[in-house]
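In: coordinates for the following, if possible.
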Amino acid sequence: MKSVFVTVGTTSFDDLIATVCSPAALQVLQSRGYQKLVLQVGRGELKPALRGSPALAVEAFRFKDSLAEDLRRADLVISHAGAGSCLETLEEGKPLIVVTNEKLMDNHQLELAKQLHRDGHVLYCNCSTLVETLQSMDLSTLKPYPPGQPEKFALFLDKVVGFQ
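Out: As a prediction, the model looks like this:
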């Protein structure tokens, strides 16, 4: 069963959950062959508003000790732009769409998403362009993230955040 895993990490990002659960996004996911949608909603609303009867099986939860199994099972990951979520997904070798939260004041996450996109590892968008990104995505263009180099990722983050 082809599945999408959506994660917001330890925060709340209800706009992302609402966008993924919108009729337009659900229709695009279904048209691309996805049959299951798993939502990790963090501190946000646990019951996403699904309008109509979705053709996708939908599961939602707040937190787990580890998201590793959800990541392994996913054919596509849609994530907030948190460094931990991005790194864990990339290390698992999963295609990743990073959705930036424009409501954050100091949006260092946007810088991270842009750099990972420039390096060819992710697609990135915001909530208002997510459906368009899902429609036009070509996951075959994404480059694998080099595994087992957390020190390089740390240096990369230092540059993005401005520590170097």
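
In: which neighbouring elements make contact with the lowest-mean-pLDDT helix or strand in the chain?
Out: In the chain, the helix or strand scored least confidently by mean pLDDT, DSSP states H and E is helix 150-161, which has a mean of 73. If contacts are counted by 3 or more C-beta pairs under 8 Å, 6 or more residues apart in numbering; DSSP states H and E, helix 150-161 sits against helix 83-91, helix 108-118. Heads up, the C-betas are built off the backbone N, CA and C, glycines and all.

In: now the weakest link among those helices, please, by mean pLDDT.
Out: Mean pLDDT per stretch puts helix 108-118 lowest among these, at a mean of 87.

In: can you give me the angle that one makes with helix 150-161?
Out: 120 degrees (axes from the mean of the first three to the mean of the last three C-alpha atoms, to 10 degrees).

In: next structured bit after helix 108-118?
Out: strand 123-126 (DSSP states H and E).

In: what's the average pLDDT for that following strand?
Out: 96.

In: which elements pack onto it?
Out: Counting by 3+ C-beta pairs under 8 Å, 6+ apart, strand 123-126 packs on strand 96-100, helix 108-118, helix 130-136.

In: tabulate the ones you listed (TSV), appending distance to residue 84 and mean neighbour count.
Out: As requested, the helices and strands packed on strand 123-126 are exported to TSV (distance: least, C-beta to C-beta, whole Å; neighbours: other C-beta atoms under 10 Å):
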stretch	distance to residue 84	mean neighbour count
strand 96-100	13	25
helix 108-118	11	18
helix 130-136	21	17
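
In: Serialize these to JSON lines and add fields for distance to residue 56.
Out: Below are those laid out as JSON lines (distance: least, C-beta to C-beta, whole Å):
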{"stretch": "strand 96-100", "distance to residue 56": "16"}
{"stretch": "helix 108-118", "distance to residue 56": "25"}
{"stretch": "helix 130-136", "distance to residue 56": "13"}
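
In: pull the contacting residues for the nearest residue to residue 125 once chain neighbours are set aside.
Out: Among residues not flanking residue 125 along the chain, residue 133 sits closest, at 4.2 Å (C-beta to C-beta, 6 or more residues apart in numbering). Residue 133 sits next to 97, 123, 125 when contact means C-beta atoms under 8 Å, 6 or more residues apart in numbering.
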